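**Q** structure, please.
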Amino acid sequence: IGWSANITAVLKELSLANENVKGKQVVIFSSLKNEIIQENIALIKNDLKNLKIITRSGDSTRPEELKILNLNRAKTIIILNQNSDSEVITTLFSIITLLHNKRINIVVSLQNRPYSSAIERLEGYNIIPVVPDEITAQVTAQTLRFRGLGLVILDFLDFDGDEIYFTKPSELIGESYQDALLMFDKSSLIGLKDNTGNIILNPTGDTIIGEGVKLIVISEDDSTIEIQQKPNLKADAVVDLAFISSATPKNVLFIGWSIIGAAILDSYIHFLSPESIIDIAYLKQQVDPDILGFKNEIISTNFIAIQNETKDIIDLLNSKAYDEVVILPNTHVLSINEADTSTLLKMLLIDTNRKNIKYNNFRVVSQILDSSKAKLSEALFSEEIVVSDNLAALYISQLIENSHLKKLFEELFLATGASINIYPVSKYIDLSDPNVTYSQLVISAGMRNESAIGLRLGGENLASQKQGVILNPEKSSQFMLSDNDQLLVISR
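**A** Just a heads-up that it's a prediction; the model follows:
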């Protein structure tokens, strides 16, 4: 219900998710003229072969016009933000007046967190609010933590590749979580969903799997979630159980500033060492003065006004050894197209001058607003890209298929919960062994109360985040590992 720029991405993901269910029916109801809706859908019809799409035009704030949709037969209702939060909320109330089946999930896209918190408290309905800017901020913060981590999260969010499944295998009732880690050859166990609906990522190894508990696994497909007999393996004798990873101080430069920038930092600073320093370079004429000044008691934050983006940015990069450089679009006075073009020019500036920059061992993470521009940036540069409009679409698509994933992602993105971490493989196995099976790494990680989910081969030495990441390899896979290789784990 409604319309937004990312509706086509949502439809594409739903088609991928339903490859084995031909003719899945999707109804689109919007205030746009029906001819315009159909013209937009026709542009991507080749990507929607698994869906049967029905379009209707009308006023979503009027219950009498919504009756045509037969809402009580829907699996999920999605309210997209076509004009404003007030229209979305009025639409939600109109839907509620017609709903007899209160078990239907209602995914609601909002721009403002206060509205989101308010509708979440409505009792008796399964309302799932989504604030797209928050998703962008959280994914960007995770991307900044480790090279390659953004790619792993995107793999979880889309339906192309490995996905997160909830399964209930009776064969594992009574088994410990640590033993169960090795009993899926083609899937990675990452947590449990208990009888009360709580999501527990990476529980302690001695946790016993009880009746009614669902296992949370990463797998290529639900058909690849197969139980195998536990292999007779012992942990590597040199596994470093005393190893405790602590955050090292970082110097981070933000080029450009926005409300999303503040949200990124609000999430990111909790993963940083207190000795870290954040510098924020901005053009006065492009930034709303009301959002200048990021108040926190954790990290030193400096706002630096610049006059000439070309010269001042290069001067800043020559002045200090930055670990991360974050390019944010300025949307206060620029259109989306103008903001993305400005971001691409900054990427080009840094890329062409990098060899001459005194301290050039930094990583660049850029936010692109329009996914069509993202393809251009990926073709021209090796930097890591966070695409705003696509992220919201992917996230909403996942919630349509499984609403429990909201709690799971909230847990993953919080510094206080179980998060994805990337550590040297030397902490888990003896590198003098030329042939290491992935199962050896899984059991060593389990001894450290961690759930292994994959490898990053080549560590920080690779130019692109897309290189070297192997998510959910088979337990029987063999690798020749070195000091440059890393293990991806979920840990606390």
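**Q** next helix or strand past the helix or strand hosting I278?
**A** I278 is part of strand 277-283, with elements assigned from DSSP states H and E. Using DSSP H and E, the helix or strand that follows strand 277-283 in sequence is strand 300-306.
**Q** within its sheet, name the partner strands of that next one and how each one runs.
**A** strand 277-283 (parallel) (DSSP bridges).
**Q** tell me which residues of the strand it pairs with are tucked away?
**A** I277, I278, D279, I280, A281, Y282, L283 (16 or more other CB atoms under 10 Å). For the C-beta atoms, the positions are set from N, CA and C on the backbone; glycine is no exception.
**Q** residues touching stretch 119-128, excluding its own?
**A** Identification of contacts with stretch 119-128 by CB atoms under 8 Å, 6 or more residues apart in numbering yields 89, 92, 96, 99, 102-108, 110, 129, 399, 403, 406.
**Q** residues of that stretch that come out buried?
**A** I119, Y125, I127, I128.
**Q** which residues in the stretch 251-400 of the chain form strands?
**A** Applying DSSP state E, counting those that start in this stretch to the stretch 251-400 of the chain gives strands spanning 251-255, 277-283, 300-306, 324-327, 363-368, 384-387.
**Q** what ranges in the stretch 201-350 of the chain fall below the confidence cut-off?
**A** Residue ranges of the stretch 201-350 of the chain with pLDDT under 70: 230-246.
**Q** follow-up on the earlier one: so which of the buried residues of stretch 119-128 are in helices?
**A** Those of the buried residues of stretch 119-128 mapping onto helices are I119, per DSSP state H.
**Q** so who does G210 touch?
**A** Taking CB under 8 Å, 6+ apart as the test, what G210 contacts is I173, N195.
**Q** so which strand or helix has it?
**A** Here G210 is assigned to no helix or strand, by DSSP H and E.
**Q** gap between it and D194?
**A** 8 Å (CB to CB, to the nearest Å).
**Q** can you check K49 too?
**A** 38 Å.
**Q** could you do L181 as well?
**A** 18 Å.
**Q** same question for L144.
**A** 32 Å.
**Q** neighbour-wise, which of the two wins?
**A** Set side by side, L144 and D194 show more neighbours around L144, with 25 against 13, by other CB atoms under 10 Å.
**Q** mean confidence score for whichever strand or helix holds V152?
**A** For V152, the host element (DSSP H and E) is helix 149-157. For helix 149-157, mean pLDDT is 89.
**Q** and the helix or strand just after it, what does it pack against?
**A** Sequence-wise, the next helix or strand downstream of helix 149-157 (DSSP H and E) is strand 163-167. Here strand 163-167 touches strand 187-193, strand 214-219, going by 3 or more CB pairs under 8 Å, 6 or more residues apart in numbering; DSSP states H and E.
**Q** now the angle from strand 163-167 to strand 187-193?
**A** Angle of strand 163-167 versus strand 187-193, following axes from the mean of the first three to the mean of the last three CA atoms, to 10 degrees, is 60 degrees.
**Q** pLDDT of strand 163-167, averaged?
**A** On average, strand 163-167 scores 94.
**Q** list the helices and strands the next helix-or-strand element following it packs on?
**A** For strand 163-167, the following helix or strand on the C-terminal side (DSSP H and E) is helix 177-180. Counting by 3+ CB pairs under 8 Å, 6+ apart, the packing neighbours recorded for helix 177-180 are strand 187-193.
**Q** which neighbours does the following helix or strand past the strand it packs on have in its sheet, and in what orientation?
**A** Once the chain leaves strand 187-193, the next helix or strand it forms, by DSSP H and E, is strand 199-201. Strand pairing for strand 199-201, using DSSP bridges, gives strand 187-193 (antiparallel).
**Q** what's the offset of the partner strand from the middle of its chain?
**A** 18 Å (CA atoms, centre = their mean, to the nearest Å).
**Q** cool, and stretch 390-400?
**A** So, by CA atoms, centre = their mean, the centroid of stretch 390-400 is 10 Å from its chain's centroid.
**Q** likewise for stretch 377-394?
**A** 12 Å.
**Q** buried stuff in that stretch?
**A** 377-378, 381, 383-394.
**Q** what's next to that stretch, contact-wise?
**A** 5-7, 9-10, 13, 109, 130, 132-133, 135-136, 139-140, 143, 147, 150, 154, 157-158, 260, 343-344, 347-348, 351, 363-371, 374, 463-465.
**Q** hang on, Q25 in a strand?
**A** Yes. According to DSSP: H, G, I helix; E, B strand; the rest coil, Q25 belongs to a strand.
**Q** in space, what's closest to it - neighbours in sequence excluded?
**A** In this structure, Q25 finds its nearest non-sequential neighbour in K52, 4.9 Å apart by CB to CB, 6 or more residues apart in numbering.
**Q** got the phi/psi numbers for that neighbour?
**A** Main-chain torsions, K52, degrees, to the nearest 10: phi -110, psi 110.
**Q** burial count for it?
**A** Around K52 there are 11 residues (other CB under 10 Å).
**Q** which pLDDT value goes with it?
**A** Listed pLDDT for K52 reads 92.
**Q** pull the contacting residues for it.
**A** Shown in contact with K52 (CB under 8 Å, 6+ apart): G23, K24, Q25, V26.
**Q** any idea how far I7 is from the first one?
**A** According to CB to CB, G23 and I7 sit 20 Å apart.
**Q** who's more crowded, these two?
**A** A direct count of neighbours by other CB under 10 Å for G23 and I7 places I7 higher, at 21 against 8.
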